[in-house]
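Engineer: The sequence isn't on hand, but the structure is:
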């Protein structure tokens, strides 16, 4: 289902991104999508959105009232289109895809690093520098600890995964030995 959601959300994200590039409004669109995703993701609102007794016109009016001045005319039009097409539940995925397109256009790569122990700032900088040299993008690192790795790091940069953890190496050895 997640793949289906992404497939359906992608054209909306690409259309918003294209318009944001045309109007030089990448940051305002990020804020609009983030706000709309927060509203739609709120449990009470999620119940209203999925309630078949709540008509689309009323839902559109409700969202536009909640958004108030946060929506410019194009933002209001997006809300209307998403409600009319029954795609409001996809706003979170649309926002995520939009941010990926935005980061790519700005030559930024978000990287998640998991390590057995907390990384020091110098270690994060070394990883970022090495990845920048390899990928050609500015790197923004988020990191977390996971003692199950035993040692080393696990790096995820988009679709690329580098598993330099001890547990990953042990798993690879077990696979090679047929264990």
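Structural biologist: It's in. Remember, it's a predicted structure, so these values are computed and weren't measured experimentally.
Engineer: Next, the buried residues of the strand or helix carrying residue 104.
Structural biologist: In the assignment (DSSP states H and E), residue 104 maps to helix 91-105. Of all the residues in helix 91-105, those buried under the rule 16 or more other C-beta atoms under 10 Å are 91-95, 97-99, 101-103. C-betas here are computed from N, CA, C, even on glycine.
Engineer: Now render these as a markdown table, adding pLDDT and distance to residue 119.
Structural biologist: Output for the buried residues of helix 91-105, formatted as a markdown table (pLDDT from 0 to 100; distance: C-beta to C-beta, whole Å):
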| residue | pLDDT | distance to residue 119 |
| --- | --- | --- |
| 91 | 96 | 33 |
| 92 | 95 | 29 |
| 93 | 96 | 30 |
| 94 | 97 | 32 |
| 95 | 97 | 28 |
| 97 | 95 | 29 |
| 98 | 96 | 29 |
| 99 | 94 | 24 |
| 101 | 95 | 28 |
| 102 | 95 | 26 |
| 103 | 92 | 22 |
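Engineer: for those residues, which one is nearest residue 25?
Structural biologist: Nearest to residue 25 among the buried residues of helix 91-105 is residue 102, at 11.0 Å by C-beta to C-beta.
Engineer: Residue 95 versus the closest residue in space to the closest one that isn't next to it in sequence, what's the distance?
Structural biologist: Ranked by C-beta to C-beta, 6 or more residues apart in numbering and with sequence neighbours excluded, the top spatial neighbour of residue 102 is residue 26, at 5.4 Å. Distance of residue 26 to residue 95, given as C-beta to C-beta, to the nearest Å: 13 Å.
Engineer: which residues in this structure form strands?
Structural biologist: 108-115, 138-145, 153-157, 160-163 (DSSP state E).
Engineer: name the helices or strands packed onto the helix ranked longest in the chain?
Structural biologist: Using DSSP state H to define each element, the chain has its longest helix at helix 2-22. Where contact means 3 or more C-beta pairs under 8 Å, 6 or more residues apart in numbering; DSSP states H and E, helix 2-22 is packed against helix 26-41, helix 73-84, helix 91-105.
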